[in-house]
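> Give the three-dimensional model of this entry:
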Amino acid sequence: MRHVTDIRRFIAGLVVTMLLACAAVVLTPAVQAQAAGTSYYVDCSAAANGTGTSGSPWNSLAGPNAKTFAPGDQLLLKRGTTCTGTLHPLGSGSAAGGSISIDAYGTGALPILAGGGGTDAIYLHNQEYWEISNLEVTNTGAVKGANARRGVYVVLENYGTGNHYKVSNLNIHDVNGNNSKEVDGSAGILFAVLGTTTPSSFNDVVIDGNTVADIARSGINMSSTWLCRPSIGCNNPAWTPWTGVVVRNNTVHDTDGDGIVVQMSKDALIEHNVVYNAAKAPNAANAGIWAWDSDGTVIQYNEAYGTKKLTGNPDGQGFDVDYGQDGTIVQYNYSHDNEGGFLLFCGCGGGSRLSSNAVARYNVSEDDRLRVVNMLGSQDSMFYNNTIYVPSGSTANIFEVSGAWNDLTLANNLIYNLGSGGYVYTSGQPASNFSWRNNLFYGNHPSSEPTGNGNITGDPLLTSPGSGGTGINSVAGYQISSSSSPAIGAGVVIPDNGGKDYWGSTVPAVCAPDIGADQFSSPSDTTCLANENLGFEKGSLTAWSAWNSASVVNSGAHSGTYAVRVGPSPASVENYVPVAPRTTYRVSGWVKSAVAGEVVNVGVKNTGGLETVASASGTGWTFVSADFTTGAANGTVRLYCYKSSGSGNGYCDDLAVTPVKNHVINGNFESGHTVPWRNGDFSLSGTSSNGNAAGLTNASLSSGSLWQLIYTLKPNTTYRLSGAIASQTAGTTTALEAKLYNGSAVTSASTTSSTYSKQSTTFTTGAGVTTARVYCHLVSGTGDGYCDEVTLTEQ
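Numbers count the residues shown, from 1 in each chain. As a prediction, this is how the structure comes out:
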């Protein structure tokens, strides 16, 4: 979704924030212990006002609003009564003394808090350790949209960190505010951070089990003035993320705008929610469930349906991975009947704005409209093992690129297309920007449908496709019905795949998975790993091919019983190892040489880029490793142990190809865009005189340097910066560099060759340091410098 206009307004005036855009394990915050405090009572049906005791309750909100509550206190509203106005009790709880709670007492219907068209029905400002539950909340004015209106509004303003908030079991409805979704906009539930002098954020926010309905504008929303970082296009006030945010078990429906949005958070969890009939008014940039300006968000076990796409709303999807995000995971969700489609990837808005490292996996989409998956920009992201059903008569495109820059892998998806839509790209974002690998296509086959690279066609033999109803458990029809299905075992192995499918069955980590959201088969990872024989423990060269003199030996192994001997040189053994496309891996192993000084190599080739080698020459076992990124078409690489020269034997053992996190975004430049690389007189080139190290494009640097700020590091940790670099003119120096990781320290690796080579250097972050800058630098000489396949990995 798009925030360009709003960011300009924010930077200019800092009056309001911008419009909101466009199995992982998450720990739930610990339950706050409730200390013994004082209970206060409100009975708004009482004829006379009391003192707040059970025998003499207050009869309006004026009593509790004048009270400063203490840790452990309770404010109890009588069931079956209605209180009008804004409830704004004072005071804070504490970690030691316990939370302050607002709850119901008595029997009958929930007590009603009727805001009456004022700004808020419940309001907390610069307070913490509060729990609100078991209330009915409305805020209906005589004229819809006359002002901002909210059901629950919790605010921190130049406060620092506010801790422990729980909003549960509320029935919030009929909030008819204006169309704003800013920090002071309209919503059923809104948490917001205001001010620009003291960095502020929430910690431990749980919104659980609420019903939020008939809301203008947002259902459950969050916003902050402390939002700026390069990935959203501004620098100050600096991003101050919220932590411990959990939104679960809520039902949100009939909202004029978004259903559920989490913002400015780190490692938030959105799960087990139902959102339907969102975006009912023609407002800009609304979807069902999404996050913005947040890292590590997990969106799982949710259902989104019936999201509207009216005039003025370019989106209308059930789910959205918007810009200003890194590492969002969308998994185990059910999306259906959304007018704008299932999922939006939106690294959009221009400039430095981007979304990166997103994952959408094991979701089911049925009869989502217009464009099931809509690409508006996402770097280094993956869409895999989803099942998509498009019914007869539908004109929805399965996949549609609308702009921005993209680097997306789509693998193991089951696409059941009975409609007439296809796959739509733009001139600036052609099909070559997307890696389609090992997908299954059934039904109608438009000419734009991807082919090759393990993609297959055929009837997947689903139980009852098209039979999904309302409810996340209504989609059993998308499970595979027979062991004869061509989807079985036809997928490519994806690292860190979450471990289970939509229905909770175990997904293999080593064996080839099934295609789609259902893992029907049960292959043994133990068997598959043993069959790869990377430690030679089969006592033979099973799975390996030998060149010249090579054999397995049963003495002196690094671990276990066996190792491989290559030599006397030259000699090698090679093994095809499964990998995922466009994924960073580490090749490693233990090597030794019979003759000191003679090099033994462990490496990989056929990676889609340069051959990657790690070497040692000692006579004792030495661990070696190197990093590489696979190409768009890779399903395997060739792993080898090799001794090229010398009179003695070489030995290898415990070889491995393992996935590692690459902290560099767009390190292979395959998105066709330079973001988030900055500065320097550089461009992307597909036709340089030296070619490319990998893929379609590289970075061509005509002067100075280009750099990227890495902000996902850990203190006191060693990292390796690697890449393929070359110079246009032999003798010109091109370097990879890292800076600002520990004071003024600088580390670099360089070349003066006109032929691409892999270079690497390591550095260790300082105490408290979580950022660094990495550079491609044209140091000296004439002509251009070239960079490709840049990685930064933890050692």
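> how about the helices in the stretch 501-650 of the chain?
Secondary structure of the stretch 501-650 of the chain (DSSP state H, counting those that start in this stretch): helices at 525-532.
> And stretch 536-550, what's buried?
For stretch 536-550, the neighbour count (16 or more other C-beta atoms under 10 Å) marks 536, 537, 541, 543, 544, 550 as buried. In this view, the C-beta of every residue, glycine as well, is placed from N, C-alpha and C.
> try stretch 572-591
Under the neighbour-count criterion of 16+ other C-beta under 10 Å, stretch 572-591 has 572-575, 577-591 buried.
> State the phi and psi torsions of residue 189.
As for residue 189, its main-chain torsions (degrees, to the nearest 10) stand at phi -130, psi 130.
> Next, count neighbours for it.
When neighbours are counted by other C-beta atoms under 10 Å, residue 189 registers 29.
> Break this protein into its domains for me.
533-659, 681-794 (automatic domain parsing).
> what mean pLDDT does the longest one have?
The reference is to domain 533-659. Taken as a whole, domain 533-659 has a mean pLDDT of 97.
> Quick one: residues contacting residue 568.
Taking C-beta atoms under 8 Å, 6 or more residues apart in numbering, we find residue 568 in contact with 549, 646, 647, 648, 649.
> Check the gap between it and residue 62 for me.
Separation of residue 568 from residue 62 (C-beta to C-beta, to the nearest Å): 94 Å.
> Over to residue 390?
Residue 390 sits 58 Å away from residue 62, going by C-beta to C-beta.
> neighbour-wise, which of those two wins?
residue 390 (26 against 11).
> If the more buried one is in a bridge, with which residues?
residue 417 (DSSP bridges).
> wait, isn't it in contact with residue 422?
No - using C-beta atoms under 8 Å, residue 390 makes no contact with residue 422, being 10.5 Å away.
> Give me the common contacts of those two.
Common contacts of residue 390 and residue 422 (C-beta under 8 Å, 6+ apart): residue 398.
> Now the terminal residues of stretch 95-108, how far apart.
End-to-end distance for stretch 95-108: 33 Å, by C-alpha to C-alpha, to the nearest Å.
> for the most centrally placed residue in the chain, what are its contacts?
Central residue of the chain (C-alpha atoms, centre = their mean): residue 328, 1.3 Å from the mean position. Residues counted as contacts of residue 328 (C-beta under 8 Å, 6+ apart) are 291, 294, 295, 296, 297, 298, 299, 321, 355, 357, 358, 359.
> Pull up the gap between it and residue 575, please.
The gap separating residue 328 from residue 575 is 35 Å, by C-beta to C-beta.
> before we move on, what about residue 283?
Taken as C-beta to C-beta, the span from residue 283 to residue 575 is 56 Å.
> repeat for residue 783
Counting by C-beta to C-beta, the gap from residue 783 to residue 575 is 40 Å.
> where does residue 670 land on pLDDT?
82.
> Run a quick neighbour tally on it.
29.
> rewinding a little: so for residue 263, which of the domains of the chain sits nearest?
Between residue 263 and the domains of the chain, the tightest spacing by C-beta to C-beta is seen for domain 681-794, at 17.5 Å.
> Report the mean per-residue pLDDT for that closest one.
Domain 681-794 comes out at a mean pLDDT of 89.
> likewise stretch 170-187?
The average pLDDT within stretch 170-187 is 97.
> And that stretch, how far out from the chain middle?
27 Å (C-alpha atoms, centre = their mean, to the nearest Å).
> Output it as PDB, restricted to C-alpha atoms.
The C-alpha coordinates for stretch 170-187 follow below in PDB (Å, rounded to 0.1, in the frame of the first residue of the first chain):
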ATOM      1  CA  LEU A 170     -14.700  -6.700  24.700                       C
ATOM      2  CA  ASN A 171     -17.600  -6.300  22.400                       C
ATOM      3  CA  ILE A 172     -16.900  -3.100  20.600                       C
ATOM      4  CA  HIS A 173     -19.300  -1.900  17.900                       C
ATOM      5  CA  ASP A 174     -20.900   1.100  16.200                       C
ATOM      6  CA  VAL A 175     -18.000   3.500  16.300                       C
ATOM      7  CA  ASN A 176     -18.800   6.000  13.600                       C
ATOM      8  CA  GLY A 177     -15.700   8.100  13.400                       C
ATOM      9  CA  ASN A 178     -14.000   9.900  10.600                       C
ATOM     10  CA  ASN A 179     -11.700   8.400   7.900                       C
ATOM     11  CA  SER A 180      -8.400   9.100   9.600                       C
ATOM     12  CA  LYS A 181      -6.100   6.200  10.500                       C
ATOM     13  CA  GLU A 182      -3.300   8.300  12.000                       C
ATOM     14  CA  VAL A 183      -2.000   8.200  15.500                       C
ATOM     15  CA  ASP A 184      -5.200  10.000  16.500                       C
ATOM     16  CA  GLY A 185      -7.500   8.400  13.900                       C
ATOM     17  CA  SER A 186     -10.700   6.400  14.300                       C
ATOM     18  CA  ALA A 187     -10.700   2.800  15.400                       C
END
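> In three-state terms, label residue 143 for me.
Secondary structure for residue 143, judged by DSSP: H, G, I helix; E, B strand; the rest coil, is coil.
> Skipping its backbone neighbours, what lies nearest residue 325 in space?
Excluding the flanking residues, the one nearest residue 325 by C-beta to C-beta, 6 or more residues apart in numbering is residue 355, at 4.9 Å.
> correct me, but that neighbour touches residue 327?
No - using C-beta under 8 Å, residue 355 is not in contact with residue 327, being 9.9 Å away.
> and stretch 80-94, which residues are buried?
81, 83, 85, 86, 87, 88, 89, 91, 92, 93, 94.
> Distance across it, terminal residue to terminal residue?
One end of stretch 80-94 sits 31 Å from the other (C-alpha to C-alpha).
> Just the mean pLDDT for that stretch, thanks.
Stretch 80-94 comes out at a mean pLDDT of 99.
> hang on, the earlier thing: take the domains of the chain and write them to a markdown table, including distance to residue 364.
As requested, those are exported to a markdown table (distance: least, C-beta to C-beta, whole Å):
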| stretch | distance to residue 364 |
| --- | --- |
| domain 533-659 | 22 |
| domain 681-794 | 31 |
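> Looking at these, which is nearest to residue 378?
domain 533-659 (12.0 Å).
> Where does the residue nearest to residue 53 when sequence neighbours are not counted sit, in terms of helix or strand?
In space, and not counting its chain neighbours, residue 53 is closest to residue 41: 6.4 Å by C-beta to C-beta, 6+ apart. According to DSSP states H and E, residue 41 maps onto strand 39-42.
> quick one: contacts of that strand?
With C-beta under 8 Å, 6+ apart as the test, strand 39-42 has contacts from 50, 52-54, 57-61, 63-64, 67, 69, 73-78, 83, 105, 111.
> repeat that for 7 Å
With C-beta atoms under 7 Å, 6 or more residues apart in numbering as the test, strand 39-42 has contacts from 52-54, 57-58, 63-64, 67, 73-78, 83, 105.
> same deal with stretch 309-319?
By C-beta under 7 Å, 6+ apart, the list of residues contacting stretch 309-319 from outside reads 1, 22, 279, 281-290, 299, 304-305, 307-308, 330, 333, 335, 338-344, 368, 370, 374.
> ok, now stretch 237-247?
Applying C-beta under 7 Å, 6+ apart, the contact partners of stretch 237-247 are 28-29, 196, 199-207, 220, 225-229, 260, 262, 264-270, 273.
> Name only those of those that count as buried.
Taking 16+ other C-beta under 10 Å as the criterion, what is buried in these is 29, 199-207, 220, 225-229, 260, 262, 264-270, 273.
> Now do the end-to-end distance for stretch 60-75.
The first residue of stretch 60-75 is 13 Å away from its last residue (C-alpha to C-alpha).
> what comes up buried for that stretch?
61, 63, 64, 67, 69, 70, 71, 72, 73, 74, 75.
> average pLDDT across it?
99.
> what about the closest residue to residue 732 other than its chain neighbours, distance to residue 707?
Closest residue in space to residue 732, ignoring its immediate chain neighbours: residue 781 at 2.9 Å, by C-beta to C-beta, 6+ apart. As judged by C-beta to C-beta, residue 781 and residue 707 stand 20 Å apart.
> Fine by me, we can end here.
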